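# sequence plus the predicted model coming up.
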Amino acid sequence: MPPPPLAVTTAPAALPGAVIGASGVHRRTARRRVAVLLGLAVLVVAAAVASMLLGSNHIGADRVLAGLMRTGSGTDEAIVWGSRVPRTLIGASVGAALGIAGLLMQGHTRNPLADPGLFGVSAGAGLAVVLGVFVFGVTSTSASVWFALVGAVVASVVVFSVTVAGSGTASPVPLALAGAAVSALLGALTSFIVLTDQDSLDAYRLWVVGSLSGRQLDVLAAAWPFMAVGLVLAIWNTRALDALGLGSELAKGLGEDLLTARLVGLGGITLLAAGATAAAGPIAFVGLTVPHVARAVVGTGHRWTLPASALLGAVLVLAADVVGRLIGGFAEVEVGIVLAVIGGPVFVAVARRRSLVSL
């Protein structure tokens, strides 16, 4: 007896509608994400405008514009081009670089509390700045940026080399342990030098707090090539990060070369964090908090979280710098201190909320 034909025609009929519905949801999600990115871009522009207009020296918008056009007084031009333009450009670049570096760091280590400092970047840059003063007598910011760049890159290479030598591959847990160990060693050496030399202590004390004050465009010119190459590596690494989020074994089954993916990602982290740290000193909490906010507003896909992290990082650093200028009077409060005050409670919230801890 032949089977009844009734069951043959029911299931396929619902398939086209389901596909169309899923496609519509996907388009709505993409439009929402694009709208969020456009909104963040507007916030970056607003923060940059505030950074140009507001400061310890109170000058009107017309005088700022005249200074930008080099048609105002010498004082206006000195304030605008000597302080506000450099610190606005440096602040936006540093915030974007740290936001992306933190996103890559959390993606590769699978650690929601990881930030670029875990990779030894800040400790290496700090030791190099101190050695520059102690050995070569270098005290200017434009010269110290080169020592900081070299120190940050060397520390990162050491961390990665220790990890590869110990485990044969750049796996997440040994990487975090090696970063913590190398950072502790470099920090101890830095402390030893600054406690025995007053000039080194003075230079380190001014650098380690993290500040945009006193930086000129030559500092950005020295750090920008490193951050630009790091950005290219980060963009290249987005597909691999999405695959690694599914687990190492599944990523390997999808055809990803794990060692190459780790090398590209850690190279991006190194260059982005090294350039940012050399330009503004160690600025905490940006690389830690920004990726979590980015994932909350655009989802977990790295092609969306990467630009969101860059924009959020720029907004956060510029806004913190403006706040520091306004609350500190003529003395100002360094951006690193403002971000530490803001980032402390956020760090506690990240550690306590299970939804943020699970990557």
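Sure, I can see it.

# pick out the residue closest to the middle of this protein.
Nearest to the mean C-alpha position of the chain, by C-alpha atoms, centre = their mean, lies residue 98 at 1.2 Å.

# what helix or strand does it sit in?
Using DSSP states H and E, residue 98 maps to helix 85-109.

# for that helix, packing partners?
Helices and strands touching helix 85-109, as assessed by 3 or more C-beta pairs under 8 Å, 6 or more residues apart in numbering; DSSP states H and E, comprise helix 15-53, helix 172-194, helix 217-236, helix 238-244, helix 258-280, helix 286-298, helix 302-327. For the C-beta atoms, the positions are set from N, CA and C on the backbone; glycine is no exception.

# export these to CSV and tack on mean neighbour count?
Listed next are the helices and strands packed on helix 85-109 as CSV, based on neighbours: other C-beta atoms under 10 Å:
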stretch, mean neighbour count
helix 15-53, 13
helix 172-194, 18
helix 217-236, 18
helix 238-244, 20
helix 258-280, 26
helix 286-298, 24
helix 302-327, 25
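
# do you know which of these lies nearest residue 82?
helix 217-236 (9.8 Å; C-beta to C-beta).

# what's the closest of the helices and strands packed on helix 85-109 to residue 64?
If we rank the helices and strands packed on helix 85-109 by C-beta to C-beta, the stretch that ends up nearest is helix 15-53, at 5.7 Å.

# okay, now the unreliable bits of this structure?
1-24, 71-73, 164-172, 328-330, 347, 350-359 (pLDDT under 70).

# output stretch 245-254 in PDB with nothing but the alpha carbons.
Presented in PDB, the C-alpha positions along stretch 245-254 are these (Å, rounded to 0.1, in the frame of the first residue of the first chain):
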ATOM      1  CA  GLY A 245      35.300  32.800  19.200                       C
ATOM      2  CA  LEU A 246      33.800  29.400  18.400                       C
ATOM      3  CA  GLY A 247      36.800  27.600  20.000                       C
ATOM      4  CA  SER A 248      40.200  26.700  18.800                       C
ATOM      5  CA  GLU A 249      39.300  23.200  17.500                       C
ATOM      6  CA  LEU A 250      36.300  24.500  15.500                       C
ATOM      7  CA  ALA A 251      38.300  27.400  14.100                       C
ATOM      8  CA  LYS A 252      40.900  24.900  12.900                       C
ATOM      9  CA  GLY A 253      38.200  22.800  11.400                       C
ATOM     10  CA  LEU A 254      37.000  25.900   9.500                       C
END
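
# buried sites along it?
248, 251 (16 or more other C-beta atoms under 10 Å).

# ok, back up a step: grab the nearest non-local neighbour of the residue nearest to the centre of the chain.
Ranked by C-beta to C-beta, 6 or more residues apart in numbering and with sequence neighbours excluded, the top spatial neighbour of residue 98 is residue 286, at 4.1 Å.
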